[in-house]
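Chemist: model this:
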Amino acid sequence: MLRYFIYCRKSSEDEDRQMLSIDAQLSELNAIAGQNGLNVAATFTESKSAKGPGRPVFNEMLARIERGEAQAILAWKLDRIARNFDDGGKVIGMLQRGQIREIRTFEKSYLPTDNVLMIAVELGMANQYVRDLSVNIQRGIRERVRRGIFYGKAPLGYFNEQKLRTIEPHPENFPKLKRILEEFAQGKYSMTGLLREMTRVGLRGGQKGKPLCLSSVGHLLESPFYYGAFYHKGVLHQGSHVPMVSKKTWDDIQKARIAVSKPRKRRGDKGLQFLNFATCGSCGHCITGERHVKKSGLRFYYYRCTHKNKKRGCESTTFIRQESFAEEAKRNVQLVMLPDEWKERFLAKLEIWETEDSTVTHAQIARLGAELAAMKAKIDRLNDAFTDGSIDLAEFKELKNPLVPRKVELEAKIASLEKTKTSWVEPVKNWIFEANSLEKTVQEGNEGEMKAFLQKVGLNRVFHDQTLTVSFIKPWSALAETNLSVRADNELSLTTSKWWR
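Modeler: Residues are numbered from 1 along each chain as shown. All right, here's what the predicted structure looks like:
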């Protein structure tokens, strides 16, 4: 007599919302087993989608069938067992080999002697249904976003209107939160004060209505939803919902949030200026710092490798004092400094290039503008000729249709030239000024600014054998190479042509 495993599955995803619940499936399947005198060896229930492999309960059931604990499966429908070809192929294989001697559902039975093509078709239809449904759901979400309708759970102060499938202001929480946010924008509350006020008026979050925590309040204050916008896949969209505050008030909220936020304490505040800055050249792990205080009160700061690489031993066993480390940072900053004289020469050259570029761009815009004007005039003449009946519709289409794409292309080219006209000049100027300002940073010995600068322009900051090496990004790498070349040849004269590199 065959021993059966009952398998019931329920997924929380949209395609399964109309399917029977697990309790209902169990009731129906137990009734089928009783009516037909089936020997049920065990029952397996699972709440997991079958559109992909990896269901633990399902895999356990098949493993027990392979061990001979049962020879048949009783399920509500075939798509309860599998909706992907990985699991479906495994079930079909076991059925053909006789490891599974029957799969029984409420409507039919599947046997090893049945045409496997029909079983594969049913599983394929179930799989395609899931794929099509996923595409349709994503298309629906994109359409809702285009209409400005937020598709997720309504944030605090709003609720999901089930009938209209929109997000509407909550009759009680909306005015409460609106008042609190406006008062916060005016600087009335600290973050903890804001949290206390929200708790006092009964504003709670989550499905269970638990009191909010500080991190949740921080996320709430950053949400653009409250001024009428929302993010979808990193892109900001204008929402159709009722905004709680104006954009100006929201900007004031961001300023107030930054003003009252408590800065995190850093170890660097205790005198260790170069923590989380460089890596060890021997093992690649982080360089850490230590502070030593003598009995006399003198403090000394050292840096060394953390020696956390257990697989690869670190050969570096030396320490370096913070003063020496700062000198190494200073040396690297000096590699990308630009002298005052060459700053002026570069800026003068930049003005010449800007003038030349502007002249060429203006000429291009003028030429394209003339062509566009002629194109518009030609289209206007065709419109007039068609209006007064000089040409018929077929001839009008034949003459006008090739002109419209060219007109659009010309307008796009002119707009692009207007937008990019000398757009490269300002970034280059800023780079020249920044490179020149480093001289002041070095003279003042500002270790914090030197560290921040090297973190910004250096991809790798490696410390090895008492030496700090920085791999600069472009265009800083070119400036560093020029400085090294000028120093190596002792061509410190400002007239050397190497600076033009």
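Chemist: report back the residue of this protein that's furthest from centre.
Modeler: For the chain, the residue at maximal distance from the C-alpha centroid (CA atoms, centre = their mean) is Ser390, at 58.0 Å.
Chemist: can you verify that residue is assigned to a helix?
Modeler: No. The assignment for Ser390, made by DSSP: H, G, I helix; E, B strand; the rest coil, is coil rather than a helix.
Chemist: in stretch 237-250, what's buried?
Modeler: For stretch 237-250, burial by neighbour count (16 or more other CB atoms under 10 Å) applies to 237, 239, 241, 243-245, 249-250. C-beta coordinates here come from the backbone N, C-alpha and C atoms, glycine included.
Chemist: starting at the chain centroid, how far to stretch 410-421?
Modeler: 31 Å (CA atoms, centre = their mean, to the nearest Å).
Chemist: make residue 1 into 2 and carry on from there
Modeler: Sure, I'll start numbering at 2, so the last one becomes stretch 411-422.
Chemist: name the residues that touch it?
Modeler: With CB atoms under 8 Å, 6 or more residues apart in numbering as the test, stretch 411-422 has contacts from 358-359, 362, 365-366, 369-370, 372-373, 376.
Chemist: what's the answer for stretch 219-238, then?
Modeler: Under CB under 8 Å, 6+ apart, the answer for stretch 219-238 is 146, 149, 151, 156-158, 182, 185, 192, 213, 239-240, 242-248, 250-251, 254-255, 258.
Chemist: next, the closest residue in space to Arg148 that isn't next to it in sequence: secondary structure please.
Modeler: Residue nearest to Arg148 in three dimensions, not counting chain neighbours: Ser241, with 6.3 Å by CB to CB, 6 or more residues apart in numbering. Classification of Ser241 using three-state DSSP returns coil.
Chemist: measure Ser241 to Ile168 for me?
Modeler: 9 Å (CB to CB, to the nearest Å).
Chemist: got any residues that touch both of the two?
Modeler: Contact criterion CB under 8 Å, 6+ apart; residues shared by Ser241 and Ile168: Ile150.
Chemist: following the chain onward from the helix or strand containing Leu400, which element is next?
Modeler: Secondary-structure assignment from DSSP states H and E places Leu400 in helix 394-401. Toward the C-terminus, helix 394-401 is succeeded by helix 404-421 as the next helix or strand (DSSP H and E).
Chemist: rounded mean pLDDT for that next one, please.
Modeler: The average pLDDT for helix 404-421 rounds to 78.
Chemist: repeat for stretch 486-494
Modeler: Averaged over stretch 486-494, pLDDT sits at 62.
Chemist: equivalent analysis for stretch 108-121, please.
Modeler: 80.
Chemist: list the buried residues of that stretch.
Modeler: Quick answer for stretch 108-121 (16+ other CB under 10 Å): 111, 120.
Chemist: can you tell me what sits against that stretch?
Modeler: 78-79, 89, 93, 96-99, 101-105.
Chemist: closest one of these to Ser317?
Modeler: Set against Ser317, the nearest of the contacts of stretch 108-121 by CB to CB is Gly89 (56.5 Å).
Chemist: pretty sure the closest one sits against Met126.
Modeler: No. In this structure Gly89 lies outside contact range of Met126 using CB atoms under 8 Å: 10.9 Å.
Chemist: okay, those two: which has more neighbours?
Modeler: Ranked by neighbour count (other CB atoms under 10 Å), Gly89 and Met126 place Gly89 first, with 23 against 12.
Chemist: in what helix or strand does the more buried one lie?
Modeler: helix 86-98.
Chemist: would you confirm that Thr167 contacts His242?
Modeler: Yes. Look at Thr167 against His242 with CB under 8 Å: they come within range, at 7.2 Å.
Chemist: overlap of the contact sets of those two?
Modeler: With CB under 8 Å, 6+ apart, Thr167 and His242 have common neighbours Ile150.
Chemist: quick one: mean pLDDT over the helix or strand that the helix holding Gly89 is followed by.
Modeler: Downstream of helix 86-98, the next assigned helix or strand under DSSP H and E is strand 103-105. For strand 103-105, mean pLDDT is 91.
Chemist: with stretch 369-384 instead?
Modeler: Mean per-residue pLDDT for stretch 369-384: 86.
Chemist: do stretch 216-230 as well
Modeler: Computed over stretch 216-230, the mean pLDDT rounds to 87.
Chemist: quick one, the longest helix along the chain and helix 394-401 angle?
Modeler: Longest helix in the chain by number of residues (criterion: DSSP state H): helix 341-388. On the basis of axes from the mean of the first three to the mean of the last three CA atoms, to 10 degrees, helix 341-388 is oriented at 170 degrees to helix 394-401.
Chemist: tell me what helix 341-388 is packed against?
Modeler: Helices and strands touching helix 341-388, by 3 or more CB pairs under 8 Å, 6 or more residues apart in numbering; DSSP states H and E, are helix 394-401, helix 404-421, helix 426-445.
Chemist: reformat those helices as TSV; add distance to Gln323 and mean neighbour count.
Modeler: Shown next, in TSV, are the helices and strands packed on helix 341-388 (distance: least, CB to CB, whole Å; neighbours: other CB atoms under 10 Å):
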stretch	distance to Gln323	mean neighbour count
helix 394-401	75	13
helix 404-421	46	12
helix 426-445	17	14
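Chemist: turn those helices into JSON lines, columns for distance to Tyr304.
Modeler: Shown next, in JSON lines, are these (distance: least, CB to CB, whole Å):
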{"stretch": "helix 394-401", "distance to Tyr304": "74"}
{"stretch": "helix 404-421", "distance to Tyr304": "46"}
{"stretch": "helix 426-445", "distance to Tyr304": "20"}
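Chemist: among these, which is nearest Leu351?
Modeler: Ranking the helices and strands packed on helix 341-388 by proximity to Leu351 (CB to CB) places helix 426-445 first, at 6.1 Å.
Chemist: so this protein: which segments form each domain?
Modeler: If you go by automatic domain parsing, the domain ranges for the chain are 4-133, 159-261, 269-335, 341-424, 428-501.
Chemist: where does the stretch 102-251 of the chain dip in pLDDT?
Modeler: The stretch 102-251 of the chain contains residues with pLDDT under 70 at 127-128, 130-136, 138, 207-210.
Chemist: just the helices in it please.
Modeler: Counting by DSSP state H, counting those that start in this stretch, the stretch 102-251 of the chain has helices at residues 117-147, 174-186, 192-201, 215-223, 248-261.
Chemist: out of those helices, deepest packed?
Modeler: Mean neighbour count (mean count of other CB atoms under 10 Å) peaks for helix 174-186 among those, with a mean of 19.
Chemist: ok so, going back, Ala327: which of the contacts of stretch 108-121 is nearest?
Modeler: The closest of the contacts of stretch 108-121 to Ala327 turns out to be Gly89 (CB to CB; 65.7 Å).
Chemist: and that closest one, how close does it get to Leu63?
Modeler: Gly89 is 12 Å from Leu63, where distance means CB to CB.
Chemist: among the contacts of stretch 411-422, name the buried ones.
Modeler: Looks like the contacts of stretch 411-422 have 366, 369, 373, 376 buried, using 16+ other CB under 10 Å.
Chemist: would you mind putting those residues into a markdown table with distance to Met2 alongside?
Modeler: Converted to a markdown table, the buried ones among the contacts of stretch 411-422 look like this (distance: CB to CB, whole Å):
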| residue | distance to Met2 |
| --- | --- |
| Ile366 | 89 |
| Leu369 | 87 |
| Leu373 | 87 |
| Met376 | 86 |
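Chemist: burial of the nearest residue to Leu178 once chain neighbours are set aside, as a residue count?
Modeler: Distances taken as CB to CB, 6+ apart place Gly158 nearest to Leu178, at 4.1 Å, with adjacent residues excluded. For Gly158, the neighbour count with other CB under 10 Å is 21.
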